[in-house]
Structures are given as C-alpha cells and as structure tokens.
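K.L.:
Got a predicted structure here, sequence first:
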Amino acid sequence: MKSGYLHITWAFQVYASGRWTLAQIHRELIARGLTTLPTPKRPSKPIAISTLHRLLTNPYSKGDVTFKGATYKGTHEPIVPKKVWYQVQALLDSRKSAADATQVHEHYLKGTVYCGQCGERLIITNAKNRHGNVYPYFVCSGRHSGRTECTRQAMLIEDVEGLIENYYEMIEVSPGMRQDLAGKIHADFDQLMANEAKELSRLTTERDRLDDERMKLLQAHYAGAVPIDLLKIEQDRIANQIGDIQHRLEAHHDEYASARAHLDDSLGLLANIVGIYQRADDANRRLCNQAFFHRIFIEEEGYTHVEYERPYGALCNTEERSTP
C-alpha cells in the first residue's frame with residue numbers, strides 16, 4: 001500500500017508540472033508495476049487510465065472525505081499538498097476544455113462493444129455526478145446522436161470490463177475438453193480429405209497422363225515425326241499443365257496442414273485465455289478481443305452475447321462442444 005501511495009504522489013507531482021500527459025503517466029505507472037487491489041472475484045491487474053483519472057480527481061488525496069455530497073476534513077494523512085491537488089485539477093479542466101470538441105477517448109474495448117438493444121456502437125463519454133465527480137461511461141452512439149430510439153442507459157466502463165472478463169471465464173475450455181475438441185476437429189479434417197480423395201486422384205491421374213504424353217512426344221521427335229519448333233511448343237504446353245496440377249496438389253495439402261495448425265493454436269489459446277487476459281495490459285487485451293470477437297453486445301442486466309471471429313465461433317459453441 002505504501003508503494004502505491006508513492007506512485008500516486010509521483011503522478012500528482014509530474015502532472016502538476018504540466019510536462020506530462022495523462023497517457024504518458026499511465027504508461028509509466030504500468031511500467032513501474034502499479035496494479036489494482038485483488039478481490040475475491042478478480043485478481044490484480046495493471047491500472048486503467050480511467051482509474052488513474054479518478055485517483056487524480058479524488059479529494060481524498062488532499063486529506064478530505066466526501067459524505068452525502070458534503071466534503072469534510074479527513075483524519076488521514078494527505079497524500080499530496082492541497083496546492084498540488086488544485087494544480088492538477090486546473091490542468092485537467094483546462095486540457096479537457098481545450099480538447100472536448102475533438103477528443104477521442106481511447107479504451108481497449110472501443111470498437112468492439114455494441115449496444116445490445118439497437119446494435120449501434122458503444123462510445124465513451126465522461127459524465128459528472130451530482131457530487132461533481134467525473135466518471136467515464138460507455139453510451140449507445142445511436143441514442144447519443146438521436147439516430148435511433150434506443151433507451152439503453154449509460155454503463156460504467158469498469159462494469160463493462162468486468163462483463164468481458166466474466167465472458168472469457170465462460171468460454172475457456174478445460175484440458176479434457178480441449179483434447180475432445182481437438183479430436184473432433186482432426187476427425188472433421190480427415191473426413192474432408194476423404195471427400196476430396198476423388199479430386200486428388202483425378203489430378204494425379206491427369207499429371208501421370210501428361211508425363212506419358214511428354215515422353216511419347218519426345219520419342220516422336222527422335223523418330224523424326226515432330227519438328228523441333230513443334231516439340232518446344234508442345235513441351236511448354238505440357239509443362240504448364242503439369243505445373244498447374246502440381247501447384248493445386250501442393251496447395252491442397254499445405255492448406256489443410258496450415259488450417260490444422262491454426263486450429264490447434266486457437267485451442268491452446270482458448271484453454272488458457274482467462275489467465276492470459278487477466279495478466280494482459282490494455283494493448284494486449286485489445287488484441288485478444290479483436291482475435292476472439294467481431295462484436296460484443298452488452299444487454300440490459302449485464303447479459304452479454306457476441307459475434308465471434310473465425311474459428312472461435314465453432315470452438316466456443318456450447319452445442320458443438322457437447323456433440324459426441
């Protein structure tokens with residue numbers, strides 16, 4: 001806890017200097033190892049930039065406490081002098097005012113989460129409660145712009161983050177299920193290969209026929225029945241046809257080998273995704289979400305449904321998993 005206070009004190013001091021942005025401080029604090037406190041349901045994770053903003057605006061840091069909308073002098077030791085705290089508030093307000101018209105709020109879920117009621121994107125906005133505290137929310141862009149008649153209420157960003165973490169817990173597979181899915185996948189590939197055996201056999205037969213034609217052509221040339229210019233033309237034709245067939249045969253096998261390996265890698269990720277996601281920083285969480293989900297819909301009452309990216313639609317399908 002003491003080291004956490006030192007990090008927060010440092011953040012106040014460098015932001016008050018005016019030479020650091022919130023994003024720069026956020027990256028530095030992550031590099032220094034500042035994390036959230038673990039709870040029984042959630043492990044500690046790198047601090048989010050929204051959490052940093054709340055820390056910098058919380059009057060607790062200057063020795064005050066808020067109760068029922070009123071501010072009182074606390075009995076605890078202030079983390080920073082009041083002068084520094086007010087300098088930080090002035091800078092935050094001035095930078096917010098200067099950037100409000102064009103500011104793009106960044107978050108690792110941005111572009112992935114959608115309104116479950118009307119299907120429009122969720123966008124980020126900062127809202128101030130009746131006590132004057134600023135909190136970042138996800139809001140439906142359809143309702144925000146008036147394009148739809150959506151009535152979806154704003155959602156605290158932290159709540160949406162928690163919903164996505166919980167969803168990963170639902171789709172992670174056990175070692176036993178991973179083995180079962182791998183067996184089913186490879187059986188499906190074997191069946192596909194068997195279904196295409198006729199086409200592969202036809203290509204192989206055609207390749208052998210062309211090889212035989214090429215040999216007979218060469219023998220006819222030696223016997224004086226085929227002139228050199230015609231020999232060259234026919235040899236080029238046969239070589240091109242054999243090359244096309246060989247390319248198709250090799251591509252067929254490479255495609256299946258690559259697809260098998262990709263699905264095995266995807267299963268490996270799916271078997272460890274909860275731990276990976278919990279330990280990931282914001283940039284890698286964005287990559288995880290983009291790899292797994294095309295769109296994540298946030299419904300009322302904390303219900304979530306998703307559109308998967310390939311191949312996770314089949315791998316995460318509970319009916320598919322339970323099929324013998």
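P.N.:
Thanks, I have it.

K.L.:
any idea where the helices of this protein begin and end?
P.N.:
With DSSP state H as the criterion, the chain has helices at 2-16, 22-31, 49-57, 82-99, 141-145, 157-171, 175-195, 197-222, 228-270, 273-279, 282-292, 312-315, 318-322.

K.L.:
Redo those helices as a markdown table? Include distance to residue 298, mean pLDDT and mean neighbour count.
P.N.:
In short, each C-beta sits where N, CA and C put it, glycine included. Formatted as a markdown table, these follow (distance: least, C-beta to C-beta, whole Å; pLDDT from 0 to 100; neighbours: other C-beta atoms under 10 Å):
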| stretch | distance to residue 298 | mean pLDDT | mean neighbour count |
| --- | --- | --- | --- |
| helix 2-16 | 30 | 83 | 16 |
| helix 22-31 | 24 | 89 | 16 |
| helix 49-57 | 17 | 88 | 18 |
| helix 82-99 | 26 | 76 | 14 |
| helix 141-145 | 13 | 86 | 17 |
| helix 157-171 | 6 | 90 | 17 |
| helix 175-195 | 27 | 67 | 13 |
| helix 197-222 | 46 | 81 | 13 |
| helix 228-270 | 22 | 74 | 13 |
| helix 273-279 | 17 | 86 | 16 |
| helix 282-292 | 13 | 87 | 17 |
| helix 312-315 | 19 | 75 | 18 |
| helix 318-322 | 20 | 46 | 10 |
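
K.L.:
Looking at the ones you listed, which is nearest to residue 116?
P.N.:
helix 157-171 (10.6 Å; C-beta to C-beta).

K.L.:
center of the chain - which residue?
P.N.:
By C-alpha atoms, centre = their mean, the chain has its centre lying nearest to residue 289, at 2.1 Å.

K.L.:
Now that residue: closest residue in space that isn't a chain neighbour?
P.N.:
Leaving out its chain neighbours, the residue that sits closest to residue 289 by C-beta to C-beta, 6 or more residues apart in numbering is residue 112, at 4.8 Å.

K.L.:
what's the neighbour count on that neighbour?
P.N.:
20 (other C-beta atoms under 10 Å).

K.L.:
now the helices of the chain in a markdown table, with distance to residue 303?
P.N.:
As requested, the helices of the chain are arranged in a markdown table below (distance: least, C-beta to C-beta, whole Å):
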| stretch | distance to residue 303 |
| --- | --- |
| helix 2-16 | 34 |
| helix 22-31 | 31 |
| helix 49-57 | 23 |
| helix 82-99 | 33 |
| helix 141-145 | 18 |
| helix 157-171 | 9 |
| helix 175-195 | 24 |
| helix 197-222 | 46 |
| helix 228-270 | 22 |
| helix 273-279 | 20 |
| helix 282-292 | 18 |
| helix 312-315 | 19 |
| helix 318-322 | 16 |
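
K.L.:
List the residues that contact the nearest residue to residue 118 once chain neighbours are set aside.
P.N.:
Leaving aside its chain neighbours, residue 118 sits nearest to residue 150 (4.0 Å; criterion: C-beta to C-beta, 6+ apart). Going by C-beta atoms under 8 Å, 6 or more residues apart in numbering, residue 150 touches 115, 117-118, 120, 140, 142-143.

K.L.:
And for residue 147?
P.N.:
By C-beta under 8 Å, 6+ apart, the neighbours of residue 147 are 120, 141.

K.L.:
And it, how far from residue 140?
P.N.:
Using C-beta to C-beta, to the nearest Å, residue 147 is found at 10 Å from residue 140.
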